[in-house]
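**Student:** Model the structure of this input:
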Amino acid sequence: METSVHIGNLIKQYIDAHRLVRTEVAKQMGTPNTAIYAYEKRQYIHCQTLMRLCKATKHNFFMDIANALPREYTYNPQLVSDKDALLAQQAAEINKLTLENALLKELIMGKK
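**Tutor:** So this is what the prediction gives:
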C-alpha cells in the first residue's frame, strides 16, 4: 500500500484556512504571483521550494507530510524535537506518580 501526499493540496488548505494572501506569500518567497497557484496544483514540489514556502508562511509543511506517514515508519531519534522529549519526560513522570499512588493506597489500606 503506497501512501501518497498531494503537497499542493496541503499548501492550498493551509493558505485557505489561514486566509493568507497568495501574492504576499509569493512576495515573501521571491517568486512571481502566479507561482503559488502553480504550487497548489502540483502533487510534488522540490524540497528547497517547500522550505522557502515554510519560511514565508511560518508553517512546517514537512511535519504535515511526516504526520501523513504510518506511525510504524522509523525515523532518526537524534532529530527528536523538544516537544517529543517533553512528552517522553512527562510519560516517565506519570509512570512514577502512578507507582507512588499505588504504594500510598497500599499503605492506607494496611493501616485500617
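**Student:** Please make it C-alpha for all contacts and neighbour counts, starting now.
**Tutor:** OK.
**Student:** Report the rounded mean pLDDT for the host helix or strand of Leu99.
**Tutor:** For Leu99, the host element (DSSP states H and E) is helix 82-111. Helix 82-111 shows a mean pLDDT of 89 in the predicted model.
**Student:** next one: stretch 10-24
**Tutor:** Average pLDDT, stretch 10-24: 95.
**Student:** quick one: contacts of it?
**Tutor:** Asn33, Thr34, Ile36, Tyr37, Tyr39, Glu40, Phe61, Asp64 (Cα atoms under 8 Å, 6 or more residues apart in numbering).
**Student:** what about 6 Å?
**Tutor:** Asn33, Glu40 (Cα atoms under 6 Å, 6 or more residues apart in numbering).
**Student:** Please apply the same query to stretch 33-50.
**Tutor:** Contacts of stretch 33-50 from elsewhere in the structure, counted by Cα under 6 Å, 6+ apart, are His6, Ile7, Gly8, Asn9, Ile11, Lys12, Thr23, Ala26.
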